[in-house]
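Engineer: just the structure for this:
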Amino acid sequence: MYIFQADLWCDFCAAKWMDENLDSSPENEDDHYSYDSDDWPKEVGDLENETDCPSHCCRCHIPLACSLTSDGVEYVFEYVREHIQDMENQTPEERLAVVYLENKDNPEYYYANCPGYAVTADWVKEVECHGGLTEEQENLIERFWELVIEAESLQENNS
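Structural biologist: Numbers count the residues shown, from 1 in each chain. The predicted structure is shown next:
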């Protein structure tokens, strides 16, 4: 993982950007004190520190490996609650609709051609691993997956 211009980048996107901009590379990339992360990506490895929200690459939006704080877990559940309300007001067909249309032609975009619940699904997977969830949180997760399975079974039946 890299930090560049105040954003997090996955290894693939950072490497691609650096390959395309070799003429502006620092003299010694390994000496992180000799250049600023506003000018050239700096490798930070996996974030071992906790964050208050899920992290994604700013270019392709692939989820990045970060631990969530308790505030981060609550942030995800607030989002899941809202998303479940939206999903319950949609037909299964509407739940399968592809989102992020502004990126649909970008083959590197992680969520290209994914249904609207794909980002939420990644976030739910992250908090499922967190442990220590309340009964309400476990019920929210269960309801979310029920709605996803209902939509996906419709898609399988139409194939």
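
Engineer: can you give me the strands for this structure?
Structural biologist: Counting by DSSP state E, the chain has these strands, from start to end: 2-4, 7-9, 42-43, 50-51, 67-68.

Engineer: is it possible to get CSV of the ones you listed that adds mean pLDDT and distance to Trp17?
Structural biologist: Every C-beta, even on glycine, is put in place using the N, C-alpha and C of the backbone. Formatted as CSV, the strands of the chain follow (pLDDT from 0 to 100; distance: least, Cβ to Cβ, whole Å):
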stretch, mean pLDDT, distance to Trp17
strand 2-4, 89, 7
strand 7-9, 89, 7
strand 42-43, 88, 12
strand 50-51, 80, 23
strand 67-68, 82, 26
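
Engineer: okay, those in a markdown table with mean neighbour count next?
Structural biologist: Shown next, in a markdown table, are those (neighbours: other Cβ atoms under 10 Å):
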| stretch | mean neighbour count |
| --- | --- |
| strand 2-4 | 19 |
| strand 7-9 | 20 |
| strand 42-43 | 15 |
| strand 50-51 | 14 |
| strand 67-68 | 18 |
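
Engineer: among those strands, which comes closest to His61?
Structural biologist: Closest of the strands of the chain to His61 is strand 7-9, at 10.7 Å (criterion: Cβ to Cβ).

Engineer: is Leu8 bridged to anything, and to what?
Structural biologist: Ile3 (DSSP bridges).

Engineer: ditto for Leu68
Structural biologist: So, taking DSSP bridges as the rule, Leu68 has Thr51 as bridge partners.
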